[in-house]
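Novice: generate coordinates for the sequence data below:
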Amino acid sequence: MTRKYFPFDKNYLLKEAQASTKESLLITLVDTVIDCYQAYYNPLGLVDDTVQKIQNAEIKNLEYFEEFYEDLAGIYRYKYGEVQLEFLWDGTSHKDKYLIEWEDAFNSWIKDFCHHQPFIRAIFESTIFHSKLTRPEHIQSRLRSFLVNYFDLKIYQYKGIVENQEVA
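Specialist: So this is what the prediction gives:
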């Protein structure tokens, strides 16, 4: 995570916490999408070919989501990543505090993202219904577009994160 998403993206403890949970949260991402799909779009638990394929899927290919994870982590730092350390009276370290808060925010956002069909479709197309014609750039572009619309931000390669009203 060496990319700076905004000029004061200097909360290195938060970046370290986000980097250490990357793999486990990406697995959680796919599991949550599958569970939410079952709850929202198949509440009766009917089993057809599609549901069978989803239930029997073994997810191995998570590199499609690495850029999405980094963008989401950058947005979190932009919105909540205060650089100033606060006093923690309960004896926990700042890294542990950031780790817990990041995991909670990530899980909450993913559950909310699951209410949007384009998000679920992009996740499923890159994992369960993956074909040789699926290009990682297209999936990553769709996921970034989803984030941009959801958070009303722009994510530029060199400028980083910019509020939408600043773009005009």
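
Novice: please make it C-alpha for all contacts and neighbour counts, starting now.
Specialist: Noted.

Novice: identify each buried residue in the helix or strand harbouring residue 37, please.
Specialist: Residue 37 is part of helix 22-41 when elements are defined by DSSP states H and E. By neighbour count, and taking 16 or more other C-alpha atoms under 10 Å as the criterion, the buried residues in helix 22-41 are 22, 25-26, 29-30, 32-34, 36-38.

Novice: what of stretch 109-120?
Specialist: In terms of neighbour count (16+ other C-alpha under 10 Å), stretch 109-120 has its buried residues at 110-111, 113-114, 119-120.

Novice: cool, and stretch 62-78?
Specialist: Buried residues in stretch 62-78, counting neighbours by 16+ other C-alpha under 10 Å, are found at 64-65, 68-78.

Novice: which residues touch it?
Specialist: Counting by C-alpha atoms under 8 Å, 6 or more residues apart in numbering, stretch 62-78 makes contact with 1, 4-6, 9, 11, 14, 18, 22, 26-27, 102, 126-127, 136, 139-140, 143-144, 147, 161, all of which sit outside it.

Novice: what does stretch 86-100 give?
Specialist: Here stretch 86-100 makes contact (C-alpha under 8 Å, 6+ apart) with 13-14, 16-18, 21, 85.

Novice: quick one: low-confidence ranges for the chain?
Specialist: Across the chain, the stretches falling below the confidence threshold (pLDDT under 70) are 1-2, 83-85, 131-133, 166-168.

Novice: still on that earlier bit, filter the contacts of stretch 62-78 down to the buried ones, ChimeraX style.
Specialist: Written as a ChimeraX command, the selection of buried residues from the contacts of stretch 62-78, which uses 16+ other C-alpha under 10 Å, is:
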select :5,6,9,14,18,22,26,102,126,127,139,140,143,144,147,161
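
Novice: for the buried residues of stretch 109-120, which one is nearest residue 53?
Specialist: residue 120 (15.0 Å; C-alpha to C-alpha).

Novice: that closest one against residue 32, yeah?
Specialist: No. If you go by C-alpha atoms under 8 Å, residue 120 and residue 32 don't touch, sitting 10.2 Å apart.
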